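**Student:** missing the sequence, but the structure's below:
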């Protein structure tokens with residue numbers, strides 16, 4: 001199903017086709033996501049199109065630089081991120097989908113991002 005995703009101020013508009021049902025939304029407990037607390041669902045890389053505001057998106061990344069988190073530089077709303085667990089998909093913030101109230105899909109399953117295997121491999125090498 002196709003959805004319009006927007007930031008709070010309207011500077012960013014993205015068209016997405018979800019790879020999952022909204023009832024499959026989940027949250028992650030890694031050090032970044034647990035602070036953001038935005039449940040998200042998968043979208044294939046080719047199924048996310050920035051309609052407007054590409055220049056308003058800022059990127060935050062750290063560590064392995066695999067996870068790439070995008071947010072509106074004006075209002076701060078997290079829109080989507082390229083997953084470190086599967087770089088072939090984006091996770092999109094269901095709270096930024098037009099007409100979707102995340103409360104309608106709560107409670108959310110949690111992904112164990114704290115114990116992500118690639119992070120453990122990196123920690124052992126340093």
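**Tutor:** Ah, there it is. Nothing here was measured: the structure is a model prediction, and the numbers come from that model.

**Student:** List the buried residues for the helix or strand hosting residue 51?
**Tutor:** Element membership for residue 51, per DSSP states H and E: strand 48-52. Buried positions in strand 48-52, judged by neighbour count with 16 or more other Cβ atoms under 10 Å: 48, 50. Using the backbone N, CA and C atoms, a C-beta is placed for each residue, glycine as well.

**Student:** so what does it touch, helix or strand wise?
**Tutor:** strand 13-17 (3 or more Cβ pairs under 8 Å, 6 or more residues apart in numbering; DSSP states H and E).

**Student:** Pairing partners for the strand it packs on, with directions?
**Tutor:** Applying DSSP bridges to the sheet, strand 13-17 is found paired with strand 2-6 (antiparallel), strand 48-52 (antiparallel).

**Student:** Give me the residues contacting stretch 48-68.
**Tutor:** 4, 7, 11-16, 32, 69-74, 79-84, 87, 90, 92, 118-119, 122 (Cβ atoms under 8 Å, 6 or more residues apart in numbering).

**Student:** Show me which of those residues are buried.
**Tutor:** Taking 16+ other Cβ under 10 Å as the criterion, what is buried in these is 7, 11-14, 16, 32, 69-73, 79-84, 90, 92, 119.

**Student:** Just the ones in strands from those, please.
**Tutor:** Using DSSP state E, the subset of the buried ones among the contacts of stretch 48-68 located in strands is 13-14, 16, 69-72, 79-82, 90, 92.

**Student:** Next, format these as JSON lines and append pLDDT and distance to residue 60.
**Tutor:** Shown next, in JSON lines, are those (pLDDT from 0 to 100; distance: Cβ to Cβ, whole Å):
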{"residue": "13", "pLDDT": "98", "distance to residue 60": "20"}
{"residue": "14", "pLDDT": "98", "distance to residue 60": "17"}
{"residue": "16", "pLDDT": "98", "distance to residue 60": "20"}
{"residue": "69", "pLDDT": "95", "distance to residue 60": "5"}
{"residue": "70", "pLDDT": "98", "distance to residue 60": "8"}
{"residue": "71", "pLDDT": "97", "distance to residue 60": "7"}
{"residue": "72", "pLDDT": "98", "distance to residue 60": "12"}
{"residue": "79", "pLDDT": "97", "distance to residue 60": "12"}
{"residue": "80", "pLDDT": "97", "distance to residue 60": "12"}
{"residue": "81", "pLDDT": "95", "distance to residue 60": "9"}
{"residue": "82", "pLDDT": "95", "distance to residue 60": "12"}
{"residue": "90", "pLDDT": "96", "distance to residue 60": "14"}
{"residue": "92", "pLDDT": "96", "distance to residue 60": "16"}
